[in-house]
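In: no sequence on hand, only this structure:
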């Protein structure tokens, strides 16, 4: 009995590359953070949908299959899980935003909401990251 085909390695973009990709047509951000987190702070981007990670299994069909998708979370770990889940479901143009919204904020990229409240909930990670 042979092992099932493994999924390819997930594509990951840093926030800087994500920001550059947002200038292209057809990019959709899928935010998989909690409802509370999403209500505090959102990326200020042209198109995004919010599907909390715990609801993704039931709601993944809301993500249009023909779109280029970048999945985001607080630090990139939950969005990486979501990226692999979507890949397993047959999505072929899906990527993870590594280091997540924390790094997005460090780069002073646009957001809407209460930055101070969000940062209080998610204390700064002082590690150096990408881009």
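Out: Sure thing, it's come through. Source: prediction; values computed, not measured.
In: rest of the way, CA atoms for contacts and neighbours
Out: Fine.
In: for the helix or strand in which residue 81 is found, buried residues please.
Out: Using DSSP states H and E, residue 81 sits within helix 77-88. Applying a neighbour-count criterion of 16 or more other Cα atoms under 10 Å, the buried positions in helix 77-88 are 77, 78, 79, 80, 81, 82, 83, 84, 86, 87.
In: I'd like the average pLDDT over that helix.
Out: Here helix 77-88 scores 96 as its mean pLDDT.
In: got a list of contacts for it?
Out: Residues external to helix 77-88 that are found in contact with it (Cα atoms under 8 Å, 6 or more residues apart in numbering): 7, 10, 31-33, 53, 56, 60, 71-73, 94-100.
In: one more pass at 7 Å, please.
Out: 10, 32, 53, 71, 72, 73, 94, 95, 96 (Cα atoms under 7 Å, 6 or more residues apart in numbering).
In: just the buried ones from these?
Out: Buried members of the contacts of helix 77-88, scored by 16+ other Cα under 10 Å, are 32, 53, 71, 72, 73, 94, 95, 96.
In: which residues touch residue 50?
Out: Contacts of residue 50 by Cα under 7 Å, 6+ apart are 30, 31, 32.
In: would you map the helices across this protein?
Out: Secondary structure of the chain (DSSP state H): helices at 15-21, 35-40, 56-59, 77-88, 100-106, 115-121.
In: lowest average pLDDT across those helices?
Out: Among the helices of the chain, helix 115-121 carries the lowest mean pLDDT (a mean of 87).
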